[in-house]
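Engineer: coordinates only, sequence not included:
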């Protein structure tokens, strides 16, 4: 009787710990979704989803990660982690030449060159100002998966493997 009671307590303890972990993951995901909807929080947020939850979501990042996973031909059962990271780099430079006019009177040029991962803004202002603002976008997809490989050549008989 005492052994059955101890086993019941042990299994209840494990169940409570598992449910507390699920509650903390759900709370973390909820905070991340709220911050994304509000749009004012610039901190990095982590969503912890199961494979089934990941397949069910239809946001742009999940679709990008899923397409990369398909291109690499990684099975769902081998996935450990999927991550997406995006950075923007901007650098604004202004060149002013004192005491010299480098443009014709009335020149005021403002143009932008846009490529998928690069944007360049150029402004020319009468009489002596040149402004250059390049911007770079860096996207990274990080996929952690497990793959078994033998160290030595595999044995020919399947029982010895």
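Structural biologist: Noted; the coordinates are in hand. As the structure is a computational prediction, the values presented were derived from the model and not from experiment.
Engineer: who does the lowest-mean-pLDDT helix or strand in the chain touch, helix- and strand-wise?
Structural biologist: For the chain, counting by mean pLDDT, DSSP states H and E, helix 51-56 ranks last in confidence among helices and strands (a mean of 79). Applying 3 or more C-beta pairs under 8 Å, 6 or more residues apart in numbering; DSSP states H and E, one finds that helix 51-56 contacts helix 60-71. In this view, the C-beta of every residue, glycine as well, is placed from N, C-alpha and C.
Engineer: what is the helix it packs on packed up against?
Structural biologist: Counting contacts by 3+ C-beta pairs under 8 Å, 6+ apart, helix 60-71 packs against helix 51-56, strand 79-90, strand 129-145.
Engineer: mind naming the longest helix for the chain?
Structural biologist: When the chain is scanned for its longest helix (criterion: DSSP state H), the result is helix 2-38.
Engineer: so for that helix, what gets flagged as buried?
Structural biologist: Of the residues in helix 2-38, 29, 32 count as buried by neighbour count, 16 or more other C-beta atoms under 10 Å.
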